[in-house]
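Colleague: this one's structure only:
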């Protein structure tokens with residue numbers, strides 16, 4: 001389970017990036033966090049991963065304080081970023097092997113690696129090719145395969161459909177649904193409203209560091225999620241224009 005309690009982050013320049021966020025993603029739940037650039041989504045991810053410290057409030061992963069026990073909490077969370085940073089001179093299989101060993105999984109076989117790469121839709125002729133020859137979408141699939149191999153209780157994804165073709169994005173949503181069925185807590189930060197309507201159990205919209213809307217699946221399907229999202233985004237654009245003119 002992922003939990004944020006009255007979580008705030010103010011940067012050194014005085015910018016309040018996150019303002020009293022309360023959020024809980026339970027086991028077996030896919031939560032989509034939507035919002036414009038600068039809304040606070042990436043700050044939320046960085047705080048959960050202990051890349052930065054909160055100004056106030058608390059974060060827990062499986063009930064463990066992220067700030068007090070950062071190394072322990074990392075055992076229980078996998079992260080897939082928008083721009084997956086892997087080793088270009090390694091093959092896809094070698095990257096999986098490296099990160100699996102780094103995570104303490106030393107008994108996996110070539111067959112295990114091939115099976116997980118198949119499960120994320122990576123073509124078989126790419127399994128032993130170097131990553132520097134891969135497209136962005138192919139690298140995303142390798143990053144997701146690494147996250148699946150870790151088998152953590154919680155999965156955090158930052159714009160994972162960026163760079164994926166429609167077929168690959170659809171396959172990714174099915175993979176997330178499978179992970180949910182295994183009891184994983186999944187937090188996905190994205191602009192992809194269509195995918196939210198496809199698989200999300202709950203959706204939140206962030207604006208100026210605040211969680212301004214929270215809906216379960218029945219509510220956001222009934223209320224027209226796209227219209228709600230565009231309403232908040234239009235307000236954000238008008239706010240930015242007003243600041244530029246002042």
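Modeller: Arrived safely, thanks for sending. Small disclaimer: the values here were computed from a predicted structure and weren't measured.
Colleague: Which segments of this structure make up each domain?
Modeller: For the chain, automatic domain parsing gives the domain ranges 2-76+153-245, 86-151.
Colleague: Can you lay out these as a markdown table showing mean neighbour count and mean pLDDT?
Modeller: Quick note: C-beta positions are derived from backbone N, CA and C, even for glycine. Rendered in a markdown table, the data for those read as follows (neighbours: other C-beta atoms under 10 Å; pLDDT from 0 to 100):
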| stretch | mean neighbour count | mean pLDDT |
| --- | --- | --- |
| domain 2-76+153-245 | 17 | 89 |
| domain 86-151 | 17 | 92 |
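Colleague: So which residues of the protein form strands?
Modeller: 2-10, 16-25, 29-35, 56-61, 64-65, 77-80, 154-158, 185-189, 202-207, 210-216 (DSSP state E).
Colleague: in the chain, which residue is closest to the centre?
Modeller: residue 157 (1.5 Å; C-alpha atoms, centre = their mean).
Colleague: Which strand residues bridge that residue?
Modeller: residue 80, residue 188 (DSSP bridges).
Colleague: nearest spatial neighbour of residue 11, skipping sequence neighbours?
Modeller: Leaving out its chain neighbours, the residue that sits closest to residue 11 by C-beta to C-beta, 6 or more residues apart in numbering is residue 17, at 6.0 Å.
Colleague: Check residue 181 too.
Modeller: Per C-beta to C-beta, 6+ apart, closest to residue 181 is residue 28, 7.4 Å.
Colleague: just the helices in the chain please.
Modeller: Here the chain has its helices, by DSSP state H, at 41-48, 70-74, 92-102, 110-119, 136-150, 166-181, 193-199, 217-223, 225-245.
Colleague: Against residue 125, how distant is residue 114?
Modeller: Distance, residue 114 to residue 125, by C-beta to C-beta, to the nearest Å: 12 Å.
Colleague: Next: residue 219.
Modeller: 44 Å.
Colleague: Kindly report the same for residue 92.
Modeller: The separation that residue 92 has from residue 125, given C-beta to C-beta, amounts to 11 Å.
Colleague: Need the residues touching each of the two.
Modeller: Common neighbours of residue 92 and residue 125, counting by C-beta atoms under 8 Å, 6 or more residues apart in numbering, are absent.
Colleague: Roughly how far does residue 161 sit from residue 207?
Modeller: Applying C-beta to C-beta to residue 161 and residue 207 gives a distance of 21 Å.
Colleague: Equivalent analysis for residue 152, please.
Modeller: Taking C-beta to C-beta, one finds residue 152 at 30 Å from residue 207.
Colleague: repeat for residue 5
Modeller: Residue 5 is 20 Å from residue 207, by C-beta to C-beta.
Colleague: Check residue 187 too.
Modeller: Look at residue 187 and residue 207: by C-beta to C-beta, they are 18 Å apart.
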